[in-house]
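Trainee: What would the 3D arrangement of this be:
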Amino acid sequence: MAGRLDSVFKAVESTAPVKSLRGVYYGRQFLRRPGTFSGIYHSFAEATAAAPAHHKLGYDHSELAELYIDRHDKILPSDYPVILWLERALRSGRSIFDFGGHLGVQFYSYQKYIDYPKDLRWTVLDMPKIIERGRILAAERAANQLGFTLDFADAARHDIFFASGSLQYVETPLVERLEKLARLPSHVILNKTPLVDSEPFVTLQNTMHTFCPYAIFNRRAFIEPLFSLGYELVDAWDTPDMSCLLPLNPEHSVPAYSGVYLRLSH
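Mentor: Numbering: from 1, shown residues only. Prediction:
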């Protein structure tokens, strides 16, 4: 009996009127609720074109500078693998290039768990409006080891490349960025990255203040090109406290993001 009822419910849910009502309801929720996602697109341009009219786009806005201010003094469960490998990488390296590190969120939160070397140099690359606020905060907190840049080429002067929850906001693949560097970082630590074993796609995220194209990567296509640069995979983990839920396209939802640690093999 229960199986028959499930079949009936699924049949009703798949009808055009119900799908239409569900689409209207979630469309309104997507406009109102930060952290939500909507749509399946082939490119950043396509996702941008589908963004709600009369709303800000992208990440270069001063409103987003305060977005993670509550995380500067705490960590999430998914941060523990990073803390483990970052602490080990710092035994031989003294500089971290933090791609999309916002105001230095991880620099502040990890210092409770990692005994930073006195000569540590932690450099954050982010958008101009974010960096502007980050420099003010660093001065207020006397964070002398923390610096900021707008130039990706500066990654060549660092031992560790670190990206946590940021790669999905940029269109250029990571491997294409790294291969142009004058020198490769010895360590690559990536966390909170949406990797799937199916086809990649782009969706749209409501960040609270803006709407951003948001990439979902195919796992093999994302990781294996890094091997051609000389990196080897040391560890990989799931980050279940980060997910991408797509109520109108549930088959494309990503229930848990991923983290990986790669190291130059030579």
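Trainee: all helices for the stretch 151-266 of the chain, in order.
Mentor: Assigned by DSSP state H, counting those that start in this stretch, the stretch 151-266 of the chain shows helices spanning 174-178, 219-227.
Trainee: Please produce a markdown table containing these, extended by distance to residue 145, mean neighbour count and mean pLDDT.
Mentor: The C-beta positions use only the backbone N, C-alpha and C, and glycine is treated the same way. Formatted as a markdown table, the helices of the stretch 151-266 of the chain follow (distance: least, C-beta to C-beta, whole Å; neighbours: other C-beta atoms under 10 Å; pLDDT from 0 to 100):
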| stretch | distance to residue 145 | mean neighbour count | mean pLDDT |
| --- | --- | --- | --- |
| helix 174-178 | 24 | 16 | 97 |
| helix 219-227 | 28 | 16 | 97 |
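Trainee: could you dump those to CSV with distance to residue 112?
Mentor: Shown next, in CSV, are these (distance: least, C-beta to C-beta, whole Å):
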stretch, distance to residue 112
helix 174-178, 28
helix 219-227, 30
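Trainee: With respect to residue 195, which of these lies nearest?
Mentor: helix 219-227 (4.2 Å; C-beta to C-beta).
Trainee: got the CA positions of stretch 162-174 in PDB?
Mentor: The C-alpha trace of stretch 162-174 is given here as PDB (Å, rounded to 0.1, in the frame of the first residue of the first chain):
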ATOM      1  CA  PHE A 162      45.200  27.600  -0.200                       C
ATOM      2  CA  ALA A 163      41.600  28.000  -1.300                       C
ATOM      3  CA  SER A 164      38.600  27.400   0.900                       C
ATOM      4  CA  GLY A 165      35.200  27.800  -0.700                       C
ATOM      5  CA  SER A 166      36.400  30.300  -3.300                       C
ATOM      6  CA  LEU A 167      37.200  28.500  -6.500                       C
ATOM      7  CA  GLN A 168      33.600  28.000  -7.500                       C
ATOM      8  CA  TYR A 169      33.200  31.800  -7.900                       C
ATOM      9  CA  VAL A 170      35.800  32.100 -10.600                       C
ATOM     10  CA  GLU A 171      35.500  31.000 -14.300                       C
ATOM     11  CA  THR A 172      39.100  30.400 -15.100                       C
ATOM     12  CA  PRO A 173      40.100  26.800 -14.100                       C
ATOM     13  CA  LEU A 174      42.700  26.500 -11.300                       C
END
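Trainee: Residue ranges in the protein under the pLDDT threshold?
Mentor: Scanning the chain for pLDDT under 70 picks out 1-34, 54, 57-72, 266.
Trainee: Find the residue at the geometric middle of it.
Mentor: Centroid check for the chain by C-alpha atoms, centre = their mean gives residue 165 as the closest residue, at 1.9 Å.
Trainee: give the contact list for the residue lying closest to that residue once chain neighbours are set aside.
Mentor: Distances taken as C-beta to C-beta, 6 or more residues apart in numbering place residue 192 nearest to residue 165, at 3.7 Å, with adjacent residues excluded. Shown in contact with residue 192 (C-beta atoms under 8 Å, 6 or more residues apart in numbering): 78, 164-165, 239, 242, 257, 259.
Trainee: of all the helices of the stretch 151-266 of the chain, which lies closest to residue 56?
Mentor: helix 174-178 (25.4 Å).
Trainee: which other helices and strands contact that closest one?
Mentor: Helix 174-178 sits against helix 219-227, with contacts defined as 3 or more C-beta pairs under 8 Å, 6 or more residues apart in numbering; DSSP states H and E.
Trainee: The helix it packs on packs against which elements?
Mentor: helix 174-178, strand 195-196, strand 257-264.
Trainee: Run me through the strand neighbours of the longest one, direction for each.
Mentor: The partner list of strand 257-264 in its sheet, established with DSSP bridges, is strand 187-193 (antiparallel), strand 231-239 (antiparallel).
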